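1. got a predicted structure here, sequence first:
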Amino acid sequence: MFGQKRRTATNKLHCAVLCSILQQCYTDLCFEDCEGCVMDEPGQVGHAHLTWSEEDYDEELRFVCKQLNFASMLYAASILACSLKCFWMNQDHITTLSRIVYHVDGSDRHYAKLQSFLKKCNETYVTFVKKIMQKTFKRENCLPVFCNTTQSLCIKM
């Protein structure tokens with residue numbers, strides 16, 4: 001019984017970690033691709049991302065899904081699971097996480113699909129993961145840690 005609870009908690013935590021990391025990397029990539037955000041320009045004129053379409057944002061998230069460093073994400077998830085004393089890892093957990101990335105990447109509306117997975121995650125775990133990520137990265141970009149490349153799409157308008 002206790003093993004089943006631990007497996008369930010670990011699976012929920014891993015899903016929360018994956019969705020939070022995808023969302024944070026997506027946010028960092030969008031920031032990186034907007035000259036106005038990078039230069040901290042006041043006003044809306046210099047911020048190209050304000051004119052992006054939903055497809056542009058979906059393409060950014062698709063890029064993040066393709067470049068996700070799964071080993072780094074699993075390492076972060078494992079550390080958090082150990083800190084909560086609910087560590088349990090098997091092939092099913094890894095398969096579930098792979099499927100989430102596959103479904104987000106394969107969707108017609110990537111961001112909406114990610115949000116639907118985030119809604120299914122345990123809110124307590126998502127909040128916990130976001131707090132840890134904010135403390136860890138503060139104002140730094142998490143793309144180099146969780147993505148295989150830091151080259152962005154640089155959407156041209």
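-> Looks like it arrived, so ask away.

2. show me the contacts for the spatially most central residue of the chain.
-> For the chain, residue 22 is the residue whose C-alpha lies nearest the centre (CA atoms, centre = their mean; 1.3 Å). Neighbour list for residue 22: 61, 64, 65, 68, 101, 104, 114 [criterion: CB atoms under 8 Å, 6 or more residues apart in numbering]. Glycine gets a C-beta too; all of them are placed from N, C-alpha and C.

3. and if we set it to 6 Å?
-> The neighbourhood of residue 22, defined by CB atoms under 6 Å, 6 or more residues apart in numbering, consists of residue 114.

4. residues near residue 70, how many?
-> Neighbour count for residue 70, taken as other CB atoms under 10 Å: 14.

5. and residue 85, by the same measure?
-> Here the number of neighbours of residue 85 (other CB under 10 Å) works out to 8.

6. for the one 5 residues further on, same thing?
-> By other CB under 10 Å, 10 other residues sit near residue 90.

7. need phi/psi at it.
-> phi -150, psi -180 (degrees, to the nearest 10).

8. and residue 70, by the same measure?
-> As for residue 70, its main-chain torsions (degrees, to the nearest 10) stand at phi -60, psi -40.

9. what ranges does the protein have for its helices?
-> Secondary structure of the chain by DSSP state H: the helices cover 2-32, 35-38, 54-67, 70-83, 91-106, 110-120, 123-137, 143-146.
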